[in-house]
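K.L.:
please find the sequence and the predicted model below.
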Amino acid sequence: MENKTKIFLVDDDKFFLKSLEIDFLQHADFAIETFATGELCINHLSSCPDVIILDYHLDGFDKSAMNGIETLDKIKAAYPDIPVIMLSSQDKIDVAVSCMHHKAFDYVVKSETAFMRLQKIITTIFHYNKMEKQLNWYMQRM
């Protein structure tokens with residue numbers, strides 16, 4: 001099996017979810033899995049995604065569904081090392097701060113430039129992980 005970067009996309013807006021999936025598949029060599037709810041995402045965490053892009057609200061259809069922050073907390077409790085990028089249509093600083101407080105890697109507002117921002121953040125995550133591995137390698141040799 002190819003060693004593609006695995007990305008989970010989690011959003012209850014099926015049109016946004018599909019367009020984001022198409023963007024990723026057209027512009028990069030990723031393995032993409034999409035989920036309409038936080039619960040479905042949580043149930044598939046054992047397949048170890050490299051990055052999760054998670055909608056902030058997630059309760060558009062089912063008001064009893066877990067919201068993005070609850071989902072983020074459960075992901076971080078089970079797999080603290082998986083980077084999670086929060087996505088929201090809300091351009092509010094308190095929402096972004098809340099996401100970061102809950103250990104999100106970053107926060108992106110849904111817009112025409114969202115996909116480009118997500119690509120840059122994912123690149124940053126991989127640079128960061130590579131530097132961390134190199135640092136650990138050096139530290140073990142001291």
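P.N.:
Right, received. Where do you want to start? Numbering: from 1, shown residues only.
K.L.:
what are the ranges of the strands in this structure?
P.N.:
5-10, 30-35, 51-55, 84-88, 106-109 (DSSP state E).
K.L.:
pull the longest helix from the protein.
P.N.:
When the chain is parsed with DSSP state H, its longest helix is helix 114-140.
K.L.:
in that helix, which residues are buried?
P.N.:
Neighbour-count burial for helix 114-140, counted by 16 or more other C-beta atoms under 10 Å, picks out Ala114, Phe115, Arg117, Leu118, Ile121, Ile122, Ile125. (C-beta placed from N, C-alpha, C; glycine too.)
K.L.:
repeat for stretch 25-36
P.N.:
Neighbour-count burial for stretch 25-36 flags Phe30, Ala31, Ile32, Glu33, Thr34, Phe35, Ala36 (criterion: 16+ other C-beta under 10 Å).
K.L.:
among those residues, which has the minimum pLDDT value?
P.N.:
pLDDT across these is lowest for Phe30, at 89.
K.L.:
show me the contacts for that residue.
P.N.:
Phe30 makes contact with Lys4, Thr5, Lys6, Ile7, Phe24, according to C-beta atoms under 8 Å, 6 or more residues apart in numbering.
K.L.:
is it true that Leu118 touches Ile85?
P.N.:
Yes - contact criterion C-beta atoms under 8 Å: Leu118 and Ile85 qualify, at 6.4 Å.
K.L.:
coming back round to it: format the buried residues of stretch 25-36 as JSON lines; extra columns: distance to Lys76.
P.N.:
Shown next, in JSON lines, are the buried residues of stretch 25-36 (distance: C-beta to C-beta, whole Å):
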{"residue": "Phe30", "distance to Lys76": "22"}
{"residue": "Ala31", "distance to Lys76": "22"}
{"residue": "Ile32", "distance to Lys76": "22"}
{"residue": "Glu33", "distance to Lys76": "19"}
{"residue": "Thr34", "distance to Lys76": "21"}
{"residue": "Phe35", "distance to Lys76": "17"}
{"residue": "Ala36", "distance to Lys76": "21"}
